[in-house]
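**Q** need a structure here:
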Amino acid sequence: MANAFTYRITTTPFDEDYAPSESSRATTNFANLARGEDRQQNLRNALTMINRRFNDLARWDNPNGDRYAVELRIVSVELEFTAEGEDQAFPLIEVLDVQIVDQTTGARHQGIVGNNFSSYVRDYDFSVLLPAANAGGTGLTVPDDFGDLHGKLFQHFLDSDAYRERFALSPVICISVSTSRTYHRTANQYPVLGVEYEQDGDFSLTDAYFGRMGLQVRYFMPPGGRAPLAFYFRGDLLSDYTDLQLIGTISTMESFQKIYRPEIYNANSAAASTYRPSLEQQDYSLTKITYDREERSQLAKIQGKFTDEHFMTPHGDVLQQWAADYPTPVR
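**A** Model prediction:
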């Protein structure tokens, strides 16, 4: 059962000419931007935002604010079953990989992979499994093993030869803070990541889900930012990556957050010392980039059902047996 499946990695440039393939997940933020009449202008504007934010944070030896350019690649991970039968390959996850180009010296720097994490199995867990567990009930019921299979698949992938041959560093997944939590500014400050925040109370459902993936979380509001970002990582966020690598992740993900959560990340004032994010906030600015937030929500449900039909149903027995036998790594 240990060799029940392998992983295949492919990459696609994410630039102004990008067009989603038929196999690409439609719920990914980059696919959402790349549709419609304004698709090319959308992409061009998004990439410009990322580059400007990168140079804004990388100010040293950069008097004109144009020394660096960010190049992005979509990393698509396919899980391939070794047994005979139907649906032998399944598109497991997609992320963005960052390359940083120093336009003064010509040097290229590897950034951090993991930005814009997108997962079919996560869609299944939140759009199919969780609603089924709460059908007709009151409050929120979370199954004891919620996210267990997804978490083990993710950790197994990171420890696989396929990942290690491509990427030298562990991923960082950077997302929005939760609108169900309150955050408090601390005295801790890091030059690139900015000021650290801590959240009230227990871990959120999202925190617990990423915890199953072997990831811990810290919250930082970068210099010039409007709200803290949630950084999920293995190891040591402050020591394992260079300043340029961290800036690559911040500039990429903060720009995406400004596009699809402007109420929080493109607000007209920065988060206070005690901060409760809200999508009902009205004092914010819109970017000139078209993004269909409602469509993304609906597609998550559609793709959760797709996962049920093409992944969980035909391979459920194999997956559950594999998960039962798989020892969760201690991080």
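**Q** Name the SS class of the nearest residue to A69 once chain neighbours are set aside, please.
**A** Here the nearest residue to A69 in space, its sequence neighbours aside, is V101; by CB to CB, 6 or more residues apart in numbering that works out to 4.5 Å. Any C-beta I mention is one placed from the backbone N, CA and C, and that applies to glycine too. Judged by DSSP: H, G, I helix; E, B strand; the rest coil, the three-state class of V101 is strand.
**Q** my read: V101 touches L72, true?
**A** No - between V101 and L72 there is no contact under CB atoms under 8 Å: 11.4 Å.
**Q** picking that back up, L205 versus the residue nearest to A69, what's the distance?
**A** Per CB to CB, to the nearest Å, V101 is found 38 Å from L205.
**Q** got it, and S285?
**A** 30 Å.
**Q** Between these two, which has more neighbouring residues?
**A** Neighbours were counted for S285 and for L205 using other CB atoms under 10 Å; L205 has more, 16 against 10.
**Q** any idea how far that one is from T141?
**A** In terms of CB to CB, L205 sits 11 Å off from T141.
**Q** Same check on K152?
**A** Where T141 is concerned, K152 sits at a distance of 22 Å (CB to CB).
**Q** When those two are compared, which one has more neighbours?
**A** It is K152, of K152 and T141, that has more neighbours when counted by other CB under 10 Å, with 22 against 11.
**Q** so H156 sits in a strand?
**A** No - judged by three-state DSSP, H156 forms no part of a strand; its state is helix.
**Q** That one: what's it in contact with?
**A** Y326 (CB atoms under 8 Å, 6 or more residues apart in numbering).
**Q** would you list every one of the strands in the stretch 1-150 of the chain?
**A** 5-14, 68-81, 89-102, 108-110, 115-119 (DSSP state E, counting those that start in this stretch).
**Q** Name every strand pairing with the last one and say which way it goes.
**A** In other words, strand 115-119. Paired neighbours of strand 115-119 in the sheet (DSSP bridges): strand 89-102 (antiparallel).
**Q** Check which element follows the helix or strand where L244 lies along the chain.
**A** Element membership for L244 (DSSP states H and E) is helix 243-260. Toward the C-terminus, helix 243-260 is succeeded by helix 262-265 as the next helix or strand (DSSP H and E).
**Q** what mean pLDDT does that next one have?
**A** In this model, helix 262-265 has a mean pLDDT of 96.
**Q** what's the following helix or strand after that helix?
**A** Next in line after helix 262-265, if elements are assigned by DSSP H and E, sits strand 274-275.
**Q** quick one: contacts of that following strand?
**A** Residues contacting strand 274-275 (CB under 8 Å, 6+ apart): T182, Y183, H184, R185, Y197, A227, P228.
**Q** same deal with stretch 204-217?
**A** By CB under 8 Å, 6+ apart, stretch 204-217 touches 122, 125, 140, 142, 146-148, 150-152, 154-155, 158, 173, 175, 178, 180-181, 203, 230-234, 328-329, 331.
**Q** next one: that stretch to chain centre, how far?
**A** Between the centre of stretch 204-217 and the centre of its chain there are 13 Å (CA atoms, centre = their mean, to the nearest Å).
**Q** Now do the helix holding L244 and strand 68-81, the angle between them.
**A** 80 degrees (axes from the mean of the first three to the mean of the last three CA atoms, to 10 degrees).
**Q** Buried residues in helix 243-260, which are they?
**A** By 16 or more other CB atoms under 10 Å, the buried positions in helix 243-260 come out as 244-260.
**Q** Could you do stretch 128-141 as well?
**A** In terms of neighbour count (16+ other CB under 10 Å), stretch 128-141 has its buried residues at V128, L129, L130.
**Q** One more: stretch 207-216?
**A** D207, Y209, F210, G211, R212, M213, G214, L215.
**Q** Tell me the one among these nearest to Q110.
**A** L215 (20.2 Å; CB to CB).
**Q** Can you check what pLDDT the model gives that closest one?
**A** For L215, the predicted pLDDT is 96.
**Q** What distance do you get for it to P171?
**A** Counting by CB to CB - L215 and P171 are separated by 9 Å.
**Q** Check the contact lists of the two and give me the overlap.
**A** Shared contacts of L215 and P171, counting by CB under 8 Å, 6+ apart, come down to F233, R234.
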